[in-house]
Each structure stands twice: as C-alpha cells, then as structure tokens.
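Student: I'd like to go over a predicted model; first the sequence, then the structure.
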Amino acid sequence: MEATSRCIKNEMGRYQSSPWLTFGARKVLAIQAINNTITLLSTKRVEDNKWAFIEQRSDLIPRGWEDRIYWTKVVELLMKLSSPILRHK
C-alpha cells in the first residue's frame, strides 16, 4: 500500500500544474501475493491527505490437479487487472 501511494505522490510532484480532479480520478493497481493467495489492490487519493486502499479481488492459487478448475478465478483476476490497461490504449 505504501508503494502505490508513493507512486501517486511521485506523479503529483512531476505534474504539479495538473488540476486536483486529474489526480482524484487516478488509480494505481497492484498485485499482492502471500502464500497461495493473490490479491488485486487499487489505491487512489480521496482528499488532501486521505487515501483509499481497495481490495478489488482476491483468489486462492490452485496447487493440485483436482483444484485446476479454480484457475478460472485467477484468470478473471488478471483480466480485471488488464482491462484498464487495454482501455487506456
């Protein structure tokens, strides 16, 4: 979470002439992996010194052959991550 908020702060420093609405609408996405859980997080600036850290999706990574059907949830998580990138292009 700290890294994503620093990313936005860095961009705010680089583009100081940009209006507040530009950075209010900006989100930074991150993937966090702990053990066999993968989580998609988003960070955005709400007010001057307030931040919103939102868990978009979280799924278990299947480890065994019998759990292979759960890979669809992991792929859905990755597609959710790629959709803003594709929209931006």
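Tutor: Yep, it's here.
Student: Identify, among the helices and strands of the protein, the element with the weakest mean pLDDT.
Tutor: Least confident element among the helices and strands of the chain, by mean pLDDT, DSSP states H and E: helix 20-24 (a mean of 70).
Student: by contact count, what packs against the next helix or strand after that helix?
Tutor: The C-terminal neighbour of helix 20-24 among helices and strands, as given by DSSP states H and E, is strand 27-34. Other elements packing on strand 27-34 under the criterion 3 or more Cβ pairs under 8 Å, 6 or more residues apart in numbering; DSSP states H and E are helix 2-14, strand 37-47, helix 71-88. For glycine as for every other residue, the C-beta is placed from the backbone atoms N, C-alpha and C.
Student: Just the buried residues of strand 27-34, please?
Tutor: Within strand 27-34, the residues scored as buried using 16 or more other Cβ atoms under 10 Å are V28, A30.
Student: Ok, stretch 40-50 next?
Tutor: Result for stretch 40-50 [16+ other Cβ under 10 Å]: buried residues L40, L41, S42, T43, K44, R45.
Student: and of these, the nearest to V28?
Tutor: T43 (4.8 Å; Cβ to Cβ).
Student: doesn't W51 make contact with G24?
Tutor: No. Contact criterion Cβ atoms under 8 Å: G24 and W51 do not qualify, at 11.5 Å.
Student: what touches both of those two?
Tutor: Common contacts of G24 and W51, defined by Cβ atoms under 8 Å, 6 or more residues apart in numbering, comprise K44, R45.
Student: higher neighbour count, these two?
Tutor: Counted by other Cβ atoms under 10 Å, G24 and W51 do not tie: W51 has more neighbours, with 14 against 11.
Student: roughly how far apart are the more buried one and S58?
Tutor: Counting by Cβ to Cβ, to the nearest Å, the gap from W51 to S58 is 19 Å.
Student: ditto for D67
Tutor: Using Cβ to Cβ, D67 is found at 16 Å from S58.
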